[in-house]
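Asks: Okay, sequence plus prediction incoming.
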Amino acid sequence: MRRALSLTLAAFLAGGLALLGTGTASAHNVLVSSDPKDGQALEAGPAEITLVFDQPVQGGDKFNTITVKGPDDTRWEDGGEPVVRNNSVVFKVRPLGPAAEYQVGYRILSADGHPVSGNLKFSTTKAGGGTPNAATETAKAGESSSDEGGGVPIWVWIIGAVVLLGGGVFFALRGGSGAGSGPGSGESTRR
């Protein structure tokens, strides 16, 4: 009986470890280049920002968003739907205003369903004639921090399932002997 239990638990442990080993195959998208480049100084503001990733990106304006923040947290993104072409996403930008540093924050949905977010910056050396996005004040009031995860990591669920299954098999193979009965339980027997 103990040998069967040991073999069963060993099989569950081996299966759980095998499932954990598959995590490296589901790597997330990574930004490989951008236009403008991170830290680049431009004479004039760009009309669009292009982000290129190492894996395909899902289309749709609900999934792929960008913010372009200038001085005093003013917003300069166009707000239109981004153009997705396989691994690249192109976002339109409003004509920029003062010569300053601009922060670009992005969030995209990779083809494997995982959200990816990050940021970069660029600066302009000459002032433009643009005005900020009207949503600047609204965004300041309702902005929340974004997280990079989509909830609980899969490995936590796998470990939990392995522990539960292993525990269930252990108790099932014990033969249902409850506490306080059987030999050595401390109960006295009649003679």
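Replies: Structure received.
Asks: The worst-scoring helix or strand of the chain on mean pLDDT: what's the following helix or strand?
Replies: Here the helix or strand of the chain ranked lowest by mean pLDDT, DSSP states H and E is helix 136-142, holding a mean of 48. Heading C-terminal from helix 136-142, the first helix or strand you meet, by DSSP states H and E, is helix 154-173.
Asks: What helices and strands are in contact with that next one?
Replies: helix 2-20 (3 or more C-beta pairs under 8 Å, 6 or more residues apart in numbering; DSSP states H and E). Placement of C-beta: from N, CA and C, glycine included.
Asks: helices and strands around the very next helix or strand once past the helix it packs on, which ones?
Replies: Following helix 2-20 in sequence order, the next helix or strand is strand 31-35 (DSSP H and E). The helices and strands touching strand 31-35, judged by 3+ C-beta pairs under 8 Å, 6+ apart, are strand 48-53, strand 115-124.
Asks: Sketch out the low-pLDDT regions of the protein for me.
Replies: 1-27, 61, 135-151, 176-191 (pLDDT under 70).
Asks: any idea how it splits into domains?
Replies: As assigned by automatic domain parsing, the chain contains the domains 2-24+153-173, 28-142.
Asks: Switch those over to a markdown table, and while doing so, append mean neighbour count to every line.
Replies: Listed next are those as a markdown table, based on neighbours: other C-beta atoms under 10 Å:
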| stretch | mean neighbour count |
| --- | --- |
| domain 2-24+153-173 | 13 |
| domain 28-142 | 16 |
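Asks: So residue 45: helix, strand or coil?
Replies: When classified by DSSP: H, G, I helix; E, B strand; the rest coil, residue 45 comes out as coil.
Asks: Looks like it contacts residue 128 (just checking).
Replies: Yes - counting by C-beta atoms under 8 Å, residue 45 does reach residue 128; the two are 5.0 Å apart.
Asks: tell me, what's touching those two both at once?
Replies: 95, 96 (C-beta atoms under 8 Å, 6 or more residues apart in numbering).
Asks: on that earlier part again, of the helices and strands packed on strand 31-35, give the one that comes closest to residue 160.
Replies: Of all those, strand 115-124 sits nearest to residue 160, with 23.2 Å by C-beta to C-beta.
Asks: what pairs with the closest one, and is each one parallel or antiparallel?
Replies: strand 40-42 (parallel), strand 101-109 (antiparallel) (DSSP bridges).
Asks: Can you add distance to residue 91 and give those strands back as a markdown table?
Replies: As requested, these are exported to a markdown table (distance: least, C-beta to C-beta, whole Å):
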| stretch | distance to residue 91 |
| --- | --- |
| strand 40-42 | 16 |
| strand 101-109 | 8 |
